[in-house]
Structure formats: structure tokens, C-alpha cells
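Asks: Need a 3D model of the following:
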Amino acid sequence: MSKPLDEASAKVPADPRALARLRRHIELGEFEEVPAALPGIPRYLVTFMRSQTGVAVRSATIVSVTNQAAWPNLVTVSWFRGFTNNSSPVGTAAMIIPPDFQVDFGSRDLPSELTVVNAIPSPALTFDEGRAIVSSRLPEIGVSARLYYTSGDSDEQLLAISDSKVVVFGQGNHGD
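Replies: Predicted coordinates for the structure are as follows:
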């Protein structure tokens, strides 16, 4: 994982049985970041992402993915700039997610007081705008996306959070 397992973290279960289950998944390699993984099948399109630093209003996009499958699922988020096709992502991040677990993929890291980011591309995106494609080996995933707008050199001040539209890949938005 990008960050060590910290029992005081917002992403670590407080229930002892759930914590033991999480530790078992980590030990078995069923919950880990996977560098340069094959992306799986594109499932969802995040229609807008923005990730910028070095400007007055900074931004980062967070894509939350919940594995609803009965087995560990390899999930990849590929980040693309606008005016490019789907063959050249500017960054990717992949994780194996155990059943019933949720992971936050970020275009870059944010302070844990705002959200705990579990996986970011290398290098992190710092001057990009476009879209993200969420791919997985197994189809049973739930996806949501949001943009965080902050200010300050270390994102100390939260200005706004907005939701990005998520649509089924290749099917478009049907007016909803």
C-alpha cells in the first residue's frame, strides 16, 4: 500500500475482527498496490478530472472503488489528459482489492485530514486536466469520483468538493 497500515487511520477498521481480516488480506497479497499491472477491462469513465498544484486554487481528483465481487479484484485507474486518445495515460495506479473493501485512487496525494489516498500514479499528476478510466478484472465494482479544491502550498485550506460524473465505459451519459 502507498501508506503504512496505521491503526489510527480513517481507513483502518476499528473492529478487531475486521482489522484481523484486513491484516490477513495484506499478508496473502490480496490487498496491495501493483506496479505496472495489466489494466483489466475498462468498466467506468470518470468524465472530468483535474489535478493541479503551483496555482492559487489547487485541485486533486479522488476515485473511490469498492470491490463487490466475492474474490480479490485487480483494479486500475488510468488518468488521461484532454485532447488525447485512450492509448496514452499520463499516469496509472493499480491495487488488488479484497471483497467488500474500498480504495481511494488519487491523481495526487492530499492531507489525510481531507481524505486518505491509497494509490497514486508515479509521478503524481500536478498540471493535468482530462478524464480517468477505471478498469478491473472482475466486473463487480462500485465507483464514485470527486474533485477537491484547496489552497496553500500543502493543501491546508479546503475550498470546495464537487462530484464528477461516472458513466459506464463505452455507453455514455443517457441524460441522467
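Asks: Now N85: which helix or strand?
Replies: Counting by DSSP states H and E, there is no helix or strand that carries N85.
Asks: How much space separates it from M49?
Replies: As judged by CB to CB, to the nearest Å, N85 and M49 stand 16 Å apart. Backbone N, C-alpha and C define where each C-beta goes, glycine included.
Asks: those strands in this structure, which residues are they?
Replies: 32-33, 41-52, 58-67, 73-81, 91-97, 102-106, 127-136, 141-151, 157-163, 166-168 (DSSP state E).
Asks: Once you drop chain neighbours, what's closest to the most centrally placed residue in the chain?
Replies: With distances taken as CA atoms, centre = their mean, F105 lies nearest the centre of the chain, 1.5 Å away. Excluding its sequence neighbours, the residue lying closest to F105 (CB to CB, 6 or more residues apart in numbering) is V77, at 4.1 Å.
Asks: got a list of what the one you found touches?
Replies: 63, 65, 92-94, 105, 119, 132-135 (CB atoms under 8 Å, 6 or more residues apart in numbering).
Asks: coming back round to it: when N85 and M49 are compared, which one has more neighbours?
Replies: M49 (25 against 6; other CB atoms under 10 Å).
Asks: Enumerate every residue touching the more buried one.
Replies: Contacts of M49 (CB under 8 Å, 6+ apart): 61, 79, 107, 128-132, 145, 147, 164.
Asks: and the residue lying closest to it once chain neighbours are set aside, what are its bridge partners?
Replies: Nearest non-adjacent residue to M49, counting by CB to CB, 6+ apart: T61, 3.9 Å away. Here T61 sits in beta bridges with L147, going by DSSP bridges.
Asks: And T61, how close does it get to T115?
Replies: 11 Å.
Asks: before we move on, what about I161?
Replies: I161 sits 9 Å away from T115, going by CB to CB.
Asks: shared neighbours of those two, which are they?
Replies: Y148.
Asks: More neighbours: which of the two?
Replies: T115 (19 against 13).
Asks: check contacts around the more buried one.
Replies: 62, 104, 106, 148.
Asks: Among the residues you listed, which pair sits farthest apart?
Replies: The span of these, defined through CB to CB, is set by D104 and Y148 at 11.0 Å.
Asks: more crowded one of these two?
Replies: Between D104 and Y148, Y148 has the larger neighbour count (other CB under 10 Å), namely 24 against 21.
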